[in-house]
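Undergrad: Following is a predicted model, sequence given first.
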Amino acid sequence: MSHSAWIILIGSLVASSCGLVGCFLILRRMAMLGDAISHAILPGIVLAFLISHSTDGIVMLIGATIVGLLTAFFIQTLHASGVQSDAAIGVTFTALFSLGVVLVSLYTSRVHLDLQHVLYGEIAYAPWELVSFLGLELPKAVWMMGGVFALTLTVVGLLYKEIKLTSFDPQLATALGIPVVWIHYTLMGLVSMNTVAAFESVGAILVVAMLVIPGATAYLLTERLSFMLLLSLLFGVSSAAGGYLLAVLWDVSISGSMTTFALLQFVLSFLFAPRQGLLSKWVSYKMMQKVILQKDK
Amino acid sequence: MQPAVTVENMTIAYHKKPVLREVSFQAPAGKLIGIVGPNGAGKSTLIKGTLGLVPLASGSVEIYGKPYLTQRKLVGYVPQRESVDWDFPTHALDVVMMGRYGHVGMFKWLRSSDKEMAMSCLEKVGMADYAHRQISQLSGGQQQRVFLARALAQDAKVYFMDEPFVGVDAATEKAIIALLNELKSQGKTVLVVHHDLQTVKEYFDWVLLINLRKIAFGPTEEVFTYDNLQKTYGGRLHVLNDMGPALLQG
Amino acid sequence: MYMEFLVALFQDPNARWVITGCLLLGLSSGVLGCFALFRKYSLMGDAVAHAALPGICIAFMLYGSKSIGIFMLGATIAGLIGALCIGQISAYSKIKPDTSMAIILTGFFGVGIVLLTKISQSGKSSQSGLDAFLFGKAASLVGSDVEVISVVAFLLLAITLALFKELKLLCFDPQFGRGIGLPMGALNTLLMLMIVLAVVIGLQAVGVVLMAAMLIIPAVAARYWTEQLNGMVILSGVFGGLSGVLGTVLSAITPNLPTGPVIVLAATFIFLLSLFFAPERGLLAKAIRHLKLRQKIISENLLQSLYDLSEKDFLQDQSWKQGYTLDQLHQLRPDHKSTMLRYLQRLEAAGWVSSKGANWALTERGLQEAYSVTLNQRLYEMLLIYQARYGTLNLQEESRKVQDFVPETTLNELQGLLLDHQRKPQLTPFLEIRFDHPYQDHYNEAPTKGGDL
């Protein structure tokens, strides 16, 4: 497979997996919480590396996921003790991210990461880092992201009803005996894992773009949850492919272009979506005005 | 005959302020029971405490003699309308099918029988034509009917409803009451938090008057008296002075 | 060794510029962060900071070389556009504010990264000035930069001071402000602009990624010391300025460390100190208060339970002096039995309760105390039940005696209501004394404690 194809594949896996779990973040109004977790896992990644002295995927995955869950828990606790929710999020993730950045800077010589990497990843080098597993030699990023994608699909598939109901009507969910808190932390765990796996490829900040933008684009185009999820997968893939092509064209950051492409898709959706788009709303507003004026005649 | 709902010594406090104190009652099966009291008196809290949505400082709840947690499948719930995200990508039929989640269990998907049942529940509330309409496109009364259909889909024996008539047009209100009576004829018990004193006598067999404590509970003719209402609504005595006799005659 | 270094640091004119700059930007972001907190614009500050990146890049591309003034202009315009978009997206579609914030934050930042890498391809060496904007490089601040920062900071503080009353109204009661004719909409826009400016001047030192922290953390920390806006604003400014200085100095000591994260960590340290040790709102103080309250509640519950049981038997002409078992008390007001037992023993030591075999009974003094507690509780309940009428009184203070914060007329009304609801405590200490002792003893008896009808 060509170098470009690998990059697009990895980007697609990142965007699709993140997009899937991101849809639920959007529906649960937890977009900024997702943003917070993606930043806060940084010290987790660094510490996992320092402790295990390797960039072994599984160790980092577990370590950072634990940090992600702790972050969600800490934000919740802070909020419960009286700090308003946006401030609780803001305090926690900036403090943890700063800690992570300081750790990275201080131990730069020993660590494979550097600050640029932290922010926007190094997807261009990913296809060269090969790892053998079960007789198959694939880039490490494909193993990690593919694995997390498979896990995300499985969890969402198994718990589809529960996630749906707890997002729509948590009160009824509790009344039916569905463990609302467990579902919440399961989702937070998925967010953490996706963030870690995507981290190497697209960096901390741009993961959030993949979490939120394709999903938001899909949100405006459909009124069925299943379609929303499907569309967000598609928009994720198109962002990866389109973004990569733009990056090659202009010789710029790949993850930055993927994000830009995703943003463009969103803008198009926002303006031209059939029922929810701005244009469509303007047209029906004008038509209604016309009808009202006709009636008055 | 065993009471449908037994609440024993329920006490609930929010932020150290008591909202319900030592409330106990036994609701007989097959009745329509109205729960009335002033705002902030604990009516919604009573339902939420019964269903385990808020923690109890003390007390217990039994459904047909067994602890509530083991009897969840027998209990249906229609919450207040505001507690839901109306922009959620879901349509009426989908919402009703959510009522079946308790029966299907985790990790499994719904069957076609669930879908059929949901459809028939929508028909019962007269919303079959709107099955595939996104919920934010429905009117207030229609939304309420969908939530009612959802509760019907729960196929419960005891129903709790939190102010189902708020913001609903007269036709829908009549339809809802007809439905509740049909449930009653099937031997089911319905407890309804109600806000409109004028219709209590017409709608409910039994009534529970609540203001922090249980003020009175029993058959409407016996319990819905001027004295009890005064005690329950205390602060609004002057209003009752004018309306009182009218209320009790209607 | 460190001391010498620090002394040298403060004597270096360059270092002095840098420290002054960081002090001022910490100060202004601390002050404006308070208003942002109340208006719930904290994360908006984060979005604006990230959105500023493409603005800075475009400014560089248009102007050709590094100029802080131009960069700030670009940042401000981009930040404002970003803030505008966030508002418009959620206003004109079903997308919720938090989602639109995340979209603009990451979307604009992604565009910024594209521009940044594009600029680095063009090979212009001054591009390194732009990299500093990611995580902050206070050391790159020169005299002219600090001058710009100072001017803007002073401007922001001056406007805040001048419009303090109006801003306060905007935070707490905009409806009222509109009612008395103040232009709340314009004021809100002004506040947004000021927040954007506070963010922009901090970008060089703290960086786009972390600038939001300086809006949030000092303000949240200040909140633990006071709820009054005046004090909060001053304290938040102080915390912000302090973090700025501390962070800069600390990062100067360590090479290779960008200033942004260190400043944020300094602010976090102050926040943690506040969180735990602030006098009334700190966690330590709250824990102590909570413990004391719980002790009081357990004791009072026990006395009340004893009283309730005694009253019930008394009214049915049954004996009550024999006391009641732990199980009976537990049924009425449940708690951990071992805790209840421990407190019963404490009540016994205080002389209010005596143990009779497996039973616990009220002593005479105990009866007085229990009566007082029960009466207070029942009066309080009446207040709650009729809160439509008495709601203006502060009903949260369950720890005070009702008669202390209620006017005499209200107290009489409440007592009447107690009778109506048949909740008047019937087992009075007087009654007891009358029945058990001859007339003379009663006459010589000291008056009972407060709480009697």
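TA: All right, it came through fine. The structure presented is a predicted model; accordingly, all values stated were derived computationally and were not measured.

Undergrad: can we go C-alpha only for contacts and neighbour counts from here?
TA: OK.

Undergrad: Helices of the chain, start to end?
TA: I went with chain A, as the question did not name one. A:3-27, A:31-52, A:57-80, A:85-106, A:115-120, A:140-158, A:160-168, A:170-175, A:180-219, A:225-250, A:254-272, A:278-296 (DSSP state H).

Undergrad: Oops, wrong one, chain B.
TA: B:43-50, B:92-98, B:101-104, B:112-124, B:140-153, B:170-185, B:200-203, B:220-223, B:226-233, B:237-249.

Undergrad: which residues touch residue C:236?
TA: C:27, C:30-31, C:33-34, C:218-219, C:221-222 (CA atoms under 8 Å, 6 or more residues apart in numbering or on different chains).

Undergrad: let's see 7 Å
TA: Contact analysis of residue C:236 by CA atoms under 7 Å, 6 or more residues apart in numbering or on different chains lists C:30-31, C:218-219, C:222.

Undergrad: Please apply the same query to residue A:224.
TA: B:89-90.

Undergrad: ok, now the one 4 residues further on?
TA: Residue A:228 makes contact with A:218-219, A:222, according to CA under 7 Å, 6+ apart.

Undergrad: one step back: which among the helices of chain A is found nearest to residue C:190?
TA: The closest of the helices of chain A to residue C:190 is helix A:85-106. By CA to CA, the value is 21.6 Å.

Undergrad: Which elements pack onto the closest one?
TA: helix A:31-52, helix A:57-80, helix C:42-63, helix C:211-223, helix C:259-277 (3 or more CA pairs under 7 Å, 6 or more residues apart in numbering or on different chains; DSSP states H and E).

Undergrad: one more time with 10 Å, if that's ok
TA: Other elements packing on helix A:85-106 under the criterion 3 or more CA pairs under 10 Å, 6 or more residues apart in numbering or on different chains; DSSP states H and E are helix A:31-52, helix A:57-80, helix A:115-120, helix C:13-38, helix C:42-63, helix C:211-223, helix C:259-277.

Undergrad: coming back round to it: the helices of chain B: which one's closest to residue C:292?
TA: helix B:43-50 (27.7 Å).

Undergrad: Remind me what the closest one packs against, helices and strands.
TA: Right, helix B:43-50 is packed against helix A:170-175, strand B:5-14, strand B:17-27, strand B:32-36, strand B:58-63, strand B:158-162, strand B:189-193, strand B:206-211 by 3+ CA pairs under 10 Å, 6+ apart.

Undergrad: Could you report the pLDDT at residue C:183?
TA: You'll see residue C:183 listed with a pLDDT of 89.

Undergrad: Go ahead and confirm it touches residue C:169.
TA: No: under the criterion of CA atoms under 10 Å, residue C:183 makes no contact with residue C:169, lying 11.1 Å away.

Undergrad: Which one of the helices and strands packed on helix B:43-50 lies nearest to chain C?
TA: For the helices and strands packed on helix B:43-50, distance to chain C was read as CA to the nearest CA. The smallest value, 5.7 Å, belongs to strand B:206-211.

Undergrad: Next, the angle strand B:17-27 makes with that closest one.
TA: If you take axes from the mean of the first three to the mean of the last three CA atoms, to 10 degrees, strand B:206-211 sits at 160 degrees to strand B:17-27.

Undergrad: Go ahead and measure how far strand B:206-211 is from the middle of the chain.
TA: Computed by CA atoms, centre = their mean, to the nearest Å, the chain-centroid distance of strand B:206-211 equals 13 Å.

Undergrad: Then stretch B:89-98?
TA: With CA atoms, centre = their mean, you get 20 Å for stretch B:89-98.

Undergrad: Just the CA trace of that stretch, in PDB.
TA: This file holds the C-alpha atoms of stretch B:89-98, laid out as PDB (Å, rounded to 0.1, in the frame of the first residue of the first chain):
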ATOM      1  CA  PRO B  89     -32.500  12.900  16.600                       C
ATOM      2  CA  THR B  90     -35.500  10.700  17.400                       C
ATOM      3  CA  HIS B  91     -39.000  10.400  16.200                       C
ATOM      4  CA  ALA B  92     -42.300   9.500  18.000                       C
ATOM      5  CA  LEU B  93     -42.200   5.800  17.500                       C
ATOM      6  CA  ASP B  94     -38.600   5.700  18.600                       C
ATOM      7  CA  VAL B  95     -39.400   7.400  21.800                       C
ATOM      8  CA  VAL B  96     -42.200   5.000  22.500                       C
ATOM      9  CA  MET B  97     -40.000   2.000  21.900                       C
ATOM     10  CA  MET B  98     -37.700   3.400  24.600                       C
END
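
Undergrad: From residue C:401, how far off is the closest residue to residue C:425 other than its chain neighbours?
TA: With CA to CA, 6 or more residues apart in numbering or on different chains as the criterion, residue C:425 has its nearest non-adjacent residue at 6.4 Å, and that residue is residue C:375. Computed as CA to CA, to the nearest Å, the residue C:375 to residue C:401 distance reads 10 Å.

Undergrad: what's the next secondary structure element after the longest helix belonging to chain C?
TA: Counting residues, the longest helix found in chain C (DSSP H) is helix C:283-315. Following helix C:283-315 in sequence order, the next helix or strand is strand C:324-325 (DSSP states H and E).

Undergrad: Tell me the helices and strands packed up against that next one.
TA: helix C:283-315, strand C:353-356, strand C:359-362.

Undergrad: can I assume residue A:281 is in contact with residue C:93?
TA: Yes: under the criterion of CA under 10 Å, residue A:281 makes contact with residue C:93 at 9.4 Å.

Undergrad: quick one, what contacts the residue nearest the centre of chain B?
TA: Nearest to the mean C-alpha position of chain B, by CA atoms, centre = their mean, lies residue B:161 at 1.5 Å. By CA atoms under 10 Å, 6 or more residues apart in numbering or on different chains, the residues touching residue B:161 are B:34-35, B:44, B:47, B:76-80, B:148, B:151, B:190-194.

Undergrad: And residue A:9, by the same measure?
TA: A:3, A:15, A:127, A:141-142, A:146, A:237, A:240-241.

Undergrad: Tell me the residues of chain B that contact chain C?
TA: B:9, B:11, B:15-22, B:38-41, B:57-59, B:86-88, B:210-213, B:215, B:227-228, B:231-237 (CA under 10 Å from any CA of the partner chain).

Undergrad: which residues do residue C:183 and residue C:169 both contact?
TA: Counting by CA under 10 Å, 6+ apart, the residues touching both residue C:183 and residue C:169 are residue C:177.

Undergrad: of those two, who's got more company?
TA: residue C:169 (17 against 14; other CA atoms under 10 Å in any protein chain shown).

Undergrad: Make a ChimeraX selection of whichever of the contacts of residue B:161 turn out to be buried.
TA: Selection of buried members from those for ChimeraX, criterion 16 or more other CA atoms under 10 Å in any protein chain shown:
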select /B:34,35,44,47,76,77,78,79,80,148,151,190,191,192,193,194
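
Undergrad: Tell me, how many residues neighbour residue C:297?
TA: Residue C:297: 13 surrounding residues under other CA under 10 Å.

Undergrad: where do the helices sit along the stretch 51-200 of chain C?
TA: Counting by DSSP state H, counting those that start in this stretch, the stretch 51-200 of chain C has helices at residues C:68-92, C:97-121, C:128-135, C:143-162, C:164-172, C:174-179, C:184-206.

Undergrad: quick one: which of those is nearest residue C:313?
TA: helix C:164-172 (53.3 Å).
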